[in-house]
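Engineer: Need a 3D model of the following:
(2 chains)
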Amino acid sequence: MPKQNREQTRDQKIVQWIRSRSQQGQLTKTAELLQETEIPSRELLNKELEALASKGTATDLQWIDGQDERYFFSTKTMVPGYAAILARQEDRDLAGMIADTVRNDSKTYPRPTPIRVFQREPFRLAEDELADVLEQMKRQEEYADIQRITASTGAAYLFSEDYLKPVRARTMVKLAEEIEDE
Amino acid sequence: MATSKGWAGKVLRIDLTAEKITTEDTSKYYDFIGGMGIGYKVMWDEVPEGTKSYDPENKIIFGVGPFSGTGIPCSSRTNITSLMPTHQDLVGDSHMGGHFAAEMKFAGWDAIILEGKASSPVWIRIENDKVTLEDAGRLWGEGTFKTTADICTVMGGEAHVACIGPAGENMVNQSIIITGGSHSAGGHGGVMGSKNVKAIGIRGTLPVYIAANGQQLKELDEYAMSIIGSNNQHVVPSTPLPWAEYHHARSRWTARPGLFWGAADPPVETGECPPEDMNSVGLRCQKAVFDHGDVAEDATVRMGGCQSCPIRCQSHLEVPEAEEFGVSPYRSNTCVGWSFPRAVMLKGYRDGSTGRGTEEALLATVVSSNLADDWGLWCNYNQITRDFRYAYENGILEEVLPEAEYNEIPWDLLEAGDPNFLHEFYRRVCTKEGEFSHLGDGSYLVSRRWNFGDDYYTSEQWRLWNPKLGFPQHHSSETAAQVGSLINLMFNRDAQLHTHVNYTGSGLPIELQREIAGELWGSPDALDPPADYTPMNEYKAVFAKYSLIRNVLHDSLTLCNWMWPLHVSPLKERNYRGDTALEAKFFSLITGIEKTEEELDMDAERIFTLHRALTVKQMGTTDMRNEHDVMSDYVFDRDPDMEPFEEGTIKMDRDDMELAKTMLYEKFGWDPDSGAPTRASLERLGLGYVADELEEKGLLPA
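Structural biologist: Numbers count the residues shown, from 1 in each chain, chains lettered A, B, ... in the order given. Next comes the predicted model:
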């Protein structure tokens, strides 16, 4: 097979692999692709994928640079925000994952974030694990903007002071817990 | 305008006093569409002012519109119109879902008007055009579940039943009419009881004719389904999902991988439910966990709902322990159908928990919901439990109940969180047993009878929105500021209106919501960010008017206002836009009468203005601003350390709200001082005869 065709087939295989994993709700690490291809180095592979993503047929390919890994996904079946959550999980940066989510909620919607959501898909933190991470975050300067509110119902929420005033966050929690259910 | 496409073409009138059953042509009501519109028109034309709710001269109208029975999504809503005993005998509407509306159409009826009073208890048997009054002596005193089952035994399993329980029979003001075991219309059960009517059983086998061909309807239906969201038209999921650009924890689109109908056999996973997958629309809303918390997942048998509804907002639960308390382990309901029964347990549950989220809470809720709907008690949008709490916690019950009665009530069960207390609560209220039963009178009456303190009328804790009429807030100032506030002023009961709250609750980011608001209502300033309010502006008045008339439109077509209008969609490729012209598109296809969105809104404005005129006539005053359109002080006095329009409070400003009223009145063309319809505003809508009558009575603004 001519080299050009071989490369096309290999490229197609890589793209298909990433798309398929995205469809299953998973990221694809560079390390995984290295095992699936004959490309000898991480640098070469990343370079090739960057080139591929700039072409017309694979512009859906995107990546996130994690702490030690590059994570690829296809925007055909996965939005960047979801991929970012998965990347933080892969990096075991749970505090960063929580902070990203809380800041985005406080800024975008805006709304305080119920802590219970971090026990559900896609976060899936165990109760103890979540409590430990939140406790650690209290002591880390980079998360000083993340504050906690407990509603009259006992439900706990987080918000970012960078985007929501505490008094507003308290009102929003009260409305969410006491009134909006009706 | 004569057509019977969409409409069945006939109205059934039953004079219970004379035992006379007649048929009328629906076409005289076409300008009022159907459902609520027919109800108000009949009340205006036929029920004289001064009539009380339980007088034989009062009428009760079951109305459906041209959409019911056609299969249009979410179109099996029955509108019930009559005077409301809880709210100073003013006209009001109650609504129920289920299958009854569609069955009315299949039997060939657009409305059923009940008038007079039967000499002894009857139930009404309708099989297409065969209508008979049947002896209900055997059913009188029975709960709604047995009544429904017995009538279905007689008529066959395909029949649908709307009935009252003992509460309605005993003319407890706060009574329901219920169909399908859990679809209840609150407030008119006592009126049906006052007429000695236990139930209506209906079975239809006729077609509903539509003007368009089936393919045209199918195509529009598929288009509607492509932009429909989940319950309350929430268009983003409650948790992050791979396909979802946005999510919102309060969204009723609760489906996610790992969330099940846990008591189904085998369990059914709700899954990702991407918007383009039409086959999973019915899985989007796992409402049990939304209403009860995660504890309800394992108790969920399935989600159910109304005829023609793809959304399925009713959770069907199985809680075996409920049998220990003498009720069925199976129960279905949604929203306040759960939260009111749960709140009867003022002091929490046997495990010491309160609120929701525990197995004990779920058990007590299922027991209480079974009893509430079987006895047929209405909650006045949860206000009955606040009345109960106020009277109990302030020692009022100890003061007003005769000593023997007070000592007889097992308060120890209430304090211990024992669900057996619920039997006492419902039996006493629904059989009018003793002074305690006045809890069922309605908030206006019981609060005065038992001398509630001023704080009841003015404190945020008790949420009594309108102290003059005795109804609570219902998506009011906390929802879109002045818009929700204005909406809560306009009806004679709690505003069962979701046009605005569906929009603000869609789950989309605020800037996107404001952008779309600009397209719909003239400016992004129509919508304030949550808890960051601004003074009144004309765009908010447009938003409020739109919300009001769309609600009336839905209750007349008849459509579910918990879903419609489809302002927004879950589709990124549409930039999350919905289609507010869909009602008009369906109307034109179904009836063959071409109407634009604006023309159909005008019809709804006619209906809403008639409601306003009816209220003016019944109250005998044009001063709606001060006598009707009022709200409790807490709306203005909450957060005493903050000023209105300060970031972080939803506190409203008195002068600003008066301005808001003026601006809304002007949008309707009403008198800006009094808020009463003017001759010009009535004549513009073809209601000149209403203006004439009001003028004759001195009730038309100069």
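Engineer: Toward the C-terminus, what is the element adjacent to the helix or strand that contains residue B:199?
Structural biologist: If you go by DSSP states H and E, residue B:199 is part of strand B:197-203. For strand B:197-203, the succeeding helix or strand toward the C-terminus, using DSSP H and E, is helix B:214-227.
Engineer: which other helices and strands contact that next one?
Structural biologist: On a contact count with 3 or more CB pairs under 8 Å, 6 or more residues apart in numbering or on different chains; DSSP states H and E, helix B:214-227 meets helix B:582-591. In this view, the C-beta of every residue, glycine as well, is placed from N, C-alpha and C.
Engineer: Grab the CA positions of the helix it packs on and hand them over as PDB.
Structural biologist: This file holds the C-alpha atoms of helix B:582-591, laid out as PDB (Å, rounded to 0.1, in the frame of the first residue of the first chain):
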ATOM      1  CA  LEU B 582     -46.600  26.400  17.400                       C
ATOM      2  CA  GLU B 583     -50.000  26.800  19.100                       C
ATOM      3  CA  ALA B 584     -51.200  28.900  16.100                       C
ATOM      4  CA  LYS B 585     -49.700  26.400  13.600                       C
ATOM      5  CA  PHE B 586     -51.500  23.500  15.300                       C
ATOM      6  CA  PHE B 587     -54.700  25.500  15.600                       C
ATOM      7  CA  SER B 588     -54.700  26.300  11.900                       C
ATOM      8  CA  LEU B 589     -54.100  22.700  11.000                       C
ATOM      9  CA  ILE B 590     -56.600  21.200  13.400                       C
ATOM     10  CA  THR B 591     -59.500  23.600  12.900                       C
END
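Engineer: after it comes which helix or strand?
Structural biologist: Going down the chain from helix B:582-591, the next helix or strand is helix B:597-619, by DSSP H and E.
Engineer: Please work out the average pLDDT along that next one.
Structural biologist: Averaged across helix B:597-619, pLDDT comes to 98.
Engineer: which helices and strands sit right next to it?
Structural biologist: Short answer (3+ CB pairs under 8 Å, 6+ apart): helix B:597-619 packs on helix B:36-46, strand B:90-96, helix B:538-557, helix B:582-591, helix B:624-627, helix B:654-668, helix B:679-684, helix B:688-696.
Engineer: Of these, which stretch is the most buried?
Structural biologist: Sort the helices and strands packed on helix B:597-619 by mean neighbour count, taking mean count of other CB atoms under 10 Å in any protein chain shown, and helix B:538-557 sits at the top with a mean of 26.
Engineer: re earlier: which of the helices and strands packed on helix B:597-619 sits closest to chain A?
Structural biologist: strand B:90-96 (16.1 Å; CB to the nearest CB).
Engineer: about what we covered before: what packs against the strand holding residue B:199?
Structural biologist: Contacts defined by 3+ CB pairs under 8 Å, 6+ apart place strand B:197-203 against helix B:100-106, strand B:122-127, helix B:144-155, strand B:160-163.
Engineer: circling back: in CSV: the helices and strands packed on helix B:597-619, plus mean pLDDT.
Structural biologist: CSV is the format used below for the helices and strands packed on helix B:597-619 (pLDDT from 0 to 100):
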stretch, mean pLDDT
helix B:36-46, 98
strand B:90-96, 98
helix B:538-557, 98
helix B:582-591, 98
helix B:624-627, 98
helix B:654-668, 98
helix B:679-684, 98
helix B:688-696, 98
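Engineer: CSV for these, including distance to chain A?
Structural biologist: Listed next are the helices and strands packed on helix B:597-619 as CSV, based on distance: least, CB to the nearest CB, whole Å:
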stretch, distance to chain A
helix B:36-46, 22
strand B:90-96, 16
helix B:538-557, 17
helix B:582-591, 26
helix B:624-627, 26
helix B:654-668, 18
helix B:679-684, 33
helix B:688-696, 35
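Engineer: Low-confidence stretches in the chain?
Structural biologist: Since no chain was named, I'll use chain A. In the predicted model, chain A carries pLDDT under 70 at residues A:1-8, A:180-182.
Engineer: Switch to chain B, please.
Structural biologist: Low-confidence regions of chain B, defined here as pLDDT under 70, cover residues B:1-3.
Engineer: at 90 instead, please
Structural biologist: Low-confidence segments of chain B, defined by pLDDT under 90: B:1-4, B:702.
Engineer: that older thread, CSV please, covering the helices and strands packed on helix B:597-619 and showing distance to residue B:343.
Structural biologist: Shown next, in CSV, are those (distance: least, CB to CB, whole Å):
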stretch, distance to residue B:343
helix B:36-46, 29
strand B:90-96, 20
helix B:538-557, 26
helix B:582-591, 35
helix B:624-627, 31
helix B:654-668, 29
helix B:679-684, 41
helix B:688-696, 41
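Engineer: mind checking which of the ones you listed is nearest residue B:142?
Structural biologist: Judged by CB to CB, the one of these that comes nearest to residue B:142 is strand B:90-96, at 19.2 Å.
Engineer: what does the closest one contact?
Structural biologist: B:36, B:39-40, B:43, B:77-84, B:162, B:176-179, B:183-188, B:469, B:491-493, B:496, B:555, B:611, B:614-615, B:618-619 (CB atoms under 8 Å, 6 or more residues apart in numbering or on different chains).
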